[in-house]
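Student: Structure for the following, please:
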Amino acid sequence: MSSRQENIWMHIGAGSFHRAHQAYYLHLLRQSGEKDWSIALGNIRDDASSLLETLQEQDGRYVLETVSPDGERDYTEITSIRKILPWDKDISSLVKQGCDPQTRIISFTVTEGGYYLDTQHRLNPQQPDIKADLSGEITTIYGALARILEARRKTINEPITLLSCDNVRHNGERFRNGFLSFLELINHQDLLEWVRNKTTSPNTMVDRITPRPTPDIAERVKQATGITDKAPVMGESFIQWVIENTFINGRPPLEKVGVEVVESVQPWEEAKIRVLNAPHSCIAWAGTLIGKNFIHESVKVNSIHKMAWNYVTEDVIPCLNPSPLNLEQYRDVVLYRFSNPYIKDTNQRVAADGLSKTPGFITPTLIETYKRGQTPQATTVLPALFFIFLQRWHKNALPYPYEDGILHPDEMHKILSEADPLQKFATDPALFGSVAQNPQFVDLLRNTVKNLENWLQNPDQPWSGK
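Tutor: Sure, this is the predicted structure:
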């Protein structure tokens, strides 16, 4: 467990990604001899209590299995999580840890939907979870941090860094704007000014494909290491983290273990969101529609591979150039990573949260391609796939439950029951921003959906997009 001399980095979000990514980097740093920092791990909601209890039994230790596309497996026992914060409805352990002067960073992984932002990147106060927190509950990162930081302000009054580790463009800025808006809505002026003056929110770019753990991981861990682990986690061998150097109260020297600490993450995050995250969703939706279970199976279907390749090549690369990255090479590396048969990343996991991913990952390329005077034919395939995917969900014809943090099932069922649901979908500004007002886009989406429905009759046929 944590010693008083250690600086504490409190993380909110006890999911696999944090344990395979941020905790892994800090483990490497501690193994190198830099043991001034450790992690205290907790959760906002009661959906990870059993995991936290298991980690408590294991003193925060667990094994990370990584695997390359060539099948090379490696095993690391992660020891950077030195304190487990048990859940209760008042998040009392998180509040207490947040008031510890040794706690200098609060990081979080709440997924794209957990920021509740509209297409203008503003907090959406109509979301039920936000409404709940505005009334004093603790359901979102905003309500949680308001509770934690108000206690910190009143007790130790020490500055702290708030570190977003999610796939949201300009995640630090967007989170911060959402949080400040939340504090304005609850009319907490003292805390609002304190957050403005006593916190920073660096932008970050995070990358490592991390599927949901399956039971066979523990068996391989036991065989390879001799460790009986009830909470192992798995990830691909590739890993990357880029962080802006705007910490307000110290930070671990993560650059010593390969983290890129930079002035601006924008080129990296734009490339990652558009070249990796958006095609990932494209492949998951398309693969699901033709009966595939896994990402690696789906990307090996020539027509699906072509959809993803066309989207990046025809629309994304022209939008992002000039870039300090070799975007063509990055595209090819990404698609190779998706083909990893050993990760067994499910289409179900990657297909989730499409209502947040569409405006965040896809719509900017639609808007910018039109601004360049071009027709975003290749990009429109992605929302067209998502529309067909939602139609399957509406008919209860998906092979798995669809998970979406901002989905209101009754409202979506009503839309999809209309005489022309595509018109409603295509003209929704929450999904498509300014493009929703463009009748050319509606026609393009309608034609693309028809082309995809024809393709679904014979997925082995070559994909031309027309």
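Student: From now on I want contacts and neighbour counts done on CA atoms only, so please keep to that.
Tutor: OK.
Student: List the contacts of stretch 47-57.
Tutor: Contacts with stretch 47-57, where a contact means C-alpha atoms under 8 Å, 6 or more residues apart in numbering, come from 14-15, 42-43, 61-62, 83-87, 230-231.
Student: Equivalent analysis for stretch 85-101, please.
Tutor: So stretch 85-101 is contacted by 10, 40-46, 49, 52-53, 103, 106, 138, 144, 147-149, 151-152, 155-156, 158 (C-alpha under 8 Å, 6+ apart).
Student: Quick one: end-to-end distance for stretch 29-45.
Tutor: With C-alpha to C-alpha, to the nearest Å as the measure, stretch 29-45 spans 29 Å from end to end.
Student: buried stuff in that stretch?
Tutor: The neighbour-count check on stretch 29-45 (16 or more other C-alpha atoms under 10 Å) flags 29, 30, 35, 37, 38, 39, 40, 41, 42, 43, 44, 45 as buried.
Student: Looking at those, which one is closest to residue 203?
Tutor: Residue 203 has its nearest neighbour among those in residue 39, at 19.9 Å by C-alpha to C-alpha.
Student: and that closest one, what are its phi and psi?
Tutor: With angles defined as degrees, to the nearest 10, residue 39 sits at phi -110, psi 140.
Student: so what pLDDT did the closest residue to residue 125 other than its chain neighbours get?
Tutor: If the residues on either side of it in the chain are set aside, residue 125 comes closest to residue 131, at 6.3 Å by C-alpha to C-alpha, 6 or more residues apart in numbering. Note on residue 131: pLDDT of 96.
Student: what does the host helix or strand of residue 131 rub up against?
Tutor: Using DSSP states H and E, residue 131 maps to helix 128-134. Contact with helix 128-134 is made by 116, 124, 125, 138, 139, 140, 142, 143, 182, 185, 186, as judged by C-alpha under 8 Å, 6+ apart.
Student: Tell me the spacing between the residue sitting furthest away from the middle of the chain and residue 435.
Tutor: Distance from the centre of the chain peaks at residue 419, with 34.1 Å (C-alpha atoms, centre = their mean). Counting by C-alpha to C-alpha, the gap from residue 419 to residue 435 is 22 Å.
Student: ok so, going back, where does the residue farthest from the centre of the chain land in three-state SS?
Tutor: coil (DSSP: H, G, I helix; E, B strand; the rest coil).
Student: my guess is residue 192 is in a strand, correct?
Tutor: No. Read with three-state DSSP, residue 192 is helix and lies in no strand.
Student: How many residues are close by it?
Tutor: For residue 192, the count of nearby residues is 20 (other C-alpha atoms under 10 Å).
Student: Dump the buried residues of stretch 29-45 into CSV; add pLDDT as well.
Tutor: Compiled in CSV, those are given as follows (pLDDT from 0 to 100):
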residue, pLDDT
29, 98
30, 98
35, 95
37, 98
38, 98
39, 98
40, 98
41, 98
42, 98
43, 97
44, 96
45, 93
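Student: So which of those residues are in helices?
Tutor: Members of the buried residues of stretch 29-45 lying in helices (criterion: DSSP state H): 29, 30.
Student: Kindly indicate which of the contacts of stretch 47-57 lies nearest residue 273.
Tutor: Checking the contacts of stretch 47-57 one by one against residue 273 (C-alpha to C-alpha), the nearest turns out to be residue 15, at 20.3 Å.
Student: quick one: the closest one from residue 456, how far?
Tutor: Distance, residue 15 to residue 456, by C-alpha to C-alpha: 34 Å.
Student: returning to what we had before: among the contacts of helix 128-134, which ones are buried?
Tutor: Of those, these count as buried by 16+ other C-alpha under 10 Å: 116, 124, 125, 138, 139, 140, 142, 143, 182.
Student: now, the most widely separated pair of these?
Tutor: So, these by C-alpha to C-alpha: farthest apart are 124 and 138, at 16.4 Å.
Student: what stretches of this structure score poorly on pLDDT?
Tutor: Applying pLDDT under 70 to the chain flags the ranges 1-4, 466.
Student: that older thread, could I get the buried residues of stretch 29-45 as CSV with distance to residue 322?
Tutor: Converted to CSV, the buried residues of stretch 29-45 look like this (distance: C-alpha to C-alpha, whole Å):
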residue, distance to residue 322
29, 34
30, 38
35, 40
37, 38
38, 39
39, 38
40, 41
41, 40
42, 41
43, 40
44, 41
45, 42
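Student: So which of the buried residues of stretch 29-45 belong to strands?
Tutor: Secondary structure defined by DSSP state E assigns 37, 38, 39, 40, 41, 42 of these to strands.
Student: wait, residue 404 sits on residue 353?
Tutor: Yes. Judged on C-alpha atoms under 8 Å, residue 404 makes contact with residue 353 at a distance of 4.1 Å.
Student: For these two, work out which one has more neighbours and name it.
Tutor: residue 353 (20 against 17).
Student: where exactly do the strands run in the stretch 151-300 of the chain?
Tutor: 160-164, 199-200, 204-207, 233-236, 240-244, 260-262 (DSSP state E, counting those that start in this stretch).
Student: Tell me how many other residues crowd residue 254.
Tutor: 18.
Student: nearest spatial neighbour of it, skipping sequence neighbours?
Tutor: residue 29 (6.8 Å).
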